[in-house]
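Colleague: Okay, sequence plus prediction incoming.
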Amino acid sequence: MSRDKMSRRFYRVESGQDLLAYMDKGESANLENRWCFETAWEAANKVGGIYTVIRSKAFVSTEEMGEHYCLLGPYKEACARTEVEELEFPTNSPFAVAVRNLRAQGYKLHTGTWLVDGNPQIILFDIGSGAWRLDQFRHELWETCHLGIPHLDVEANDAVILGYMVAEFIAEFRKAAEEYSDIKPRVVAHFHEWQAGVGLIALRTRHVEVATVFTTHATLLGRYLCAGSTDFYNNLGNFNVDEEAGKRQIYHRYCMERAATHLSHVFTTVSEVTGLEAEHLLKRKPDYITPNGLNVKKFSALHEFQNLHAVAKEKINEFTRGHFYGHYDFDLDKTLYFFIAGRYEFGNKGADVFIESLARLNHYLKAANSDTTVVAFLIFPAKTNNFNVESLRGAAVTKSLRDTINQIQHNLGKRLYEICLQGKVPGSNDLLLKEDTVKLKRCIYALQRDGLPPVTTHNVIDDWNDPVLNSIRRCQMFNTVNDRVKVVFHPEFLSSTNPLFGLDYEEFVRGCHLGVFPSYYEPWGYTPAECTVMGIPSITTNLSGFGCFMQEHVADPMSYGIYIVDRRYISLESTIRQLAQYMFDFSRLNRRQRIIQRNRTERLSDLLDWRNLGIYYRQARMRALKSVYPEMEEEGEGMGGRFNYPRPISEPPSPSSSRMTTPAPSEHGSDDEDEVDEEKEVDKYTHAKCITI
């Protein structure tokens with residue numbers, strides 16, 4: 001077989017559009033006097049998904065632009081003191097000149113490097129040091145854009161202060177850059193989301209000669225509308241956007257987002273589905289789609305991610321043994337771990353569909369007399385009163401049993417050693433002494449419980465109004481002995497200090513078998529993307545940016561372990577059935593087939609690497625620069641074109657049924673290979689059909 005065919009079989013088809021050709025650490029940018037600023041509220045400030053975007057992209061950004069790339073954001077001490085190493089810029093640098101000029105005006109700026117891959121330069125603005133000019137900034141915003149900000153909206157006022165401080169810094173920087181080189185400076189300023197968008201508005205209204213790019217990761221109004229149980233995607237063209245924003249008291253924020261969208265030289269969104277949303281709600285079609293990537297790290301051994309899966313799964317097994325003590329009558333070798341995680345947006349994240357589908361899956365497994373058990377974890381942060389007693393007791397009694405058995409084994413080994421040294425063969429009475437039997441009986445009796453294993457690991461505040469718990473009650477998923485699907489609601493993000501799991505989120509994901517994310521509103525979807533780069537199959541939807549991206553770039557995503565549920569063109573009942581069927585089909589795969597599928601899933605990690613996806617951000621920046629500096633050479637539009645992963649060669653050329661192919665369901669006994677805060681949105685649409693189950 002030729003080398004080209006081998007690469008096509010075991011690796012991705014060469015796309016010819018990665019960023020490697022431009023990774024010269026800023027040499028070409030230095031020759032062209034070209035600079036890039038990226039502004040985001042979540043630069044060195046962990047709040048949500050944009051933090052992951054900025055953090056993971058930092059490496060390829062610095063590899064491309066070197067010291068000509070700099071991040072800007074607000075100074076939040078809680079994160080900055082641990083993530084940022086404060087350093088001053090070299091005195092002859094235009095950065096240093098601009099920082100000195102702003103400090104001379106009374107602003108407080110923190111400069112240094114962000115301690116992430118790539119160590120990008122970062123400047124953080126202390127919003128409090130600019131608060132004395134808030135009234136002046138708001139007056140200017142009103143005079144130039146007729147955009148008024150309510151005095152009591154602290155977040156919007158902070159965004160105004162940050163925006164104008166950033167605009168003044170970039171204006172000062174551009175003046176300094178003119179003296180830095182004989183070549184005219186070419187500066188591009190990239191802004192993420194409405195919190196940073198005021199800086200773009202200020203640069204344009206003050207006529208600073210800077211190219212601007214604006215990226216929205218999720219429209220503000222779209223998130224509110226979806227949280228209100230509306231038929232969002234079928235009514236995109238029917239919304240009166242001004243009226244809807246006014247009803248929700250976010251009209252001023254919506255205007256800030258829309259103004260930044262229209263004033264930018266280049267407007268981008270993270271997915272096609274978000275682009276459609278922006279076209280109707282923000283009234284501008286995006287110039288580029290800039291998919292979100294990850295900084296993928298390949299292991300030296302190709303099978304290493306499989307080993308990590310086995311190690312992490314054993315830790316989850318330990319939790320399962322403790323949580324289900326007294327009802328632990330299932331085989332962990334035939335147990336699958338499914339999970340859903342993210343912000344607690346019950347409808348937007350698809351938790352309602354997931355729980356209902358689990359009830360169907362439970363019925364399917366019972367009807368098939370399956371010996372497979374599915375443990376489904378729901379990880380959403382909610383208000384709690386700490387861990388519940390039953391969960392902690394389960395961990396304690398199983399630890400006590402394990403310690404007792406270890407001690408008995410130790411003593412037994414010493415006795416057998418001494419007896420054998422005497423030349424005797426140990427008898428049955430020498431193996432287990434009476435006191436050992438008593439200890440074991442005490443531990444076994446402690447494992448008995450009167451009630452059922454708890455559904456939740458914490459005491460949830462106001463649990464009678466909690467949507468997850470109410471949905472579980474309605475579907476009667478109570479973890480009985482007869483249930484083949486067990487449910488565990490963990491209302492807190494995972495960390496290694498967690499007394500029940502002792503796992504970080506990344507390690508927990510590696511230990512699971514399937515991630516399930518049937519989102520209704522998901523502009524991108526980092527959770528299934530993270531599963532993919534770790535080699536864990538996942539379920540997503542055709543309303544998530546990740547799902548649409550995979551449908552576009554992968555032939556037969558299901559064969560690669562990416563199951564895409566239809567939430568757009570079929571009814572809700574049909575969606576639930578489809579999801580339940582996908583999970584049931586997955587549960588019928590044997591261990592060897594799951595290993596094959598994990599290998600295929602992990603192959604897609606290159607597709608999500610910023611070395612490939614970063615090219616779209618470069619295209620957006622270069623187009624913005626071209627619109628401001630027409631003398632710049634045009635880069636070929638051919639780069640960054642469409643690229644595809646073919647169907648795996650082990651798959652048949654076409655599906656044998658109406659469903660796409662996946663490793664064939666296993667026959668009984670064939671398992672023969674062992675190696676290898678949702679926003680509280682009031683429903684404004686009494687005439688619209690609510691999405692319920």
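Modeller: Okay, I see it.
Colleague: so where's the stretch 501-650 of the chain shaky on pLDDT?
Modeller: 634-644, 649-650 (pLDDT under 70).
Colleague: where along the stretch 1-150 of the chain do the helices fall?
Modeller: Ranges of helices in the stretch 1-150 of the chain, per DSSP state H, counting those that start in this stretch, are 3-10, 27-32, 49-65, 77-83, 94-104, 134-145.
Colleague: before we move on, what about the stretch 451-600 of the chain?
Modeller: 467-474, 505-511, 526-533, 545-553, 572-587, 591-603.
Colleague: Let me know the angle separating the last one from helix 572-587.
Modeller: With axes from the mean of the first three to the mean of the last three CA atoms, to 10 degrees applied, the angle from helix 591-603 to helix 572-587 works out at 110 degrees.
Colleague: Quick one: list the elements packing against helix 591-603.
Modeller: On a contact count with 3 or more CB pairs under 8 Å, 6 or more residues apart in numbering; DSSP states H and E, helix 591-603 meets helix 304-323, helix 526-533. C-betas here are computed from N, CA, C, even on glycine.
Colleague: quick one, phi psi at residue 214?
Modeller: When quoted as degrees, to the nearest 10, the phi and psi of residue 214 stand at phi -120, psi 130.
Colleague: That one: neighbouring residues, count only.
Modeller: 32 (other CB atoms under 10 Å).
Colleague: hang on, the earlier thing: I'd like the helices and strands packed on helix 591-603 as TSV, with mean neighbour count and distance to residue 125 appended.
Modeller: Below are the helices and strands packed on helix 591-603 laid out as TSV (neighbours: other CB atoms under 10 Å; distance: least, CB to CB, whole Å):
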stretch	mean neighbour count	distance to residue 125
helix 304-323	18	40
helix 526-533	25	27
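Colleague: Tabulate those in CSV, adding columns for distance to residue 66.
Modeller: Putting the helices and strands packed on helix 591-603 into CSV (distance: least, CB to CB, whole Å) gives the following:
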stretch, distance to residue 66
helix 304-323, 31
helix 526-533, 26
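Colleague: So for residue 257, which of those sits nearest?
Modeller: Closest to residue 257 of these is helix 526-533 (CB to CB; 21.3 Å).
Colleague: Check which helices and strands the closest one sits against.
Modeller: Secondary-structure packing of helix 526-533 (3+ CB pairs under 8 Å, 6+ apart): helix 505-511, strand 514-516, strand 538-541, helix 545-553, helix 591-603.
Colleague: by contact count, what packs against the third one?
Modeller: Meaning strand 538-541. Judged by 3+ CB pairs under 8 Å, 6+ apart, strand 538-541 is in contact with strand 514-516, helix 526-533, helix 545-553, strand 562-565, helix 572-587.
Colleague: can you redo those as JSON lines with distance to residue 470?
Modeller: Listed next are these as JSON lines, based on distance: least, CB to CB, whole Å:
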{"stretch": "strand 514-516", "distance to residue 470": "19"}
{"stretch": "helix 526-533", "distance to residue 470": "23"}
{"stretch": "helix 545-553", "distance to residue 470": "27"}
{"stretch": "strand 562-565", "distance to residue 470": "23"}
{"stretch": "helix 572-587", "distance to residue 470": "17"}
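Colleague: Quick one: closest of the ones you listed to residue 40.
Modeller: When the helices and strands packed on strand 538-541 are compared by CB to CB, helix 526-533 sits nearest residue 40, at 15.3 Å.
Colleague: Can you check what angle separates that closest one from helix 591-603?
Modeller: Counting by the same axes, to 10 degrees, helix 526-533 points 110 degrees away from the direction of helix 591-603.
Colleague: contacting residues around helix 526-533?
Modeller: With contacts defined as CB atoms under 8 Å, 6 or more residues apart in numbering, helix 526-533 is touched by 49, 52, 292-294, 296, 341-342, 506, 509, 515, 517, 537-540, 544, 546-547, 561-562, 601-602, 604-605, 608.
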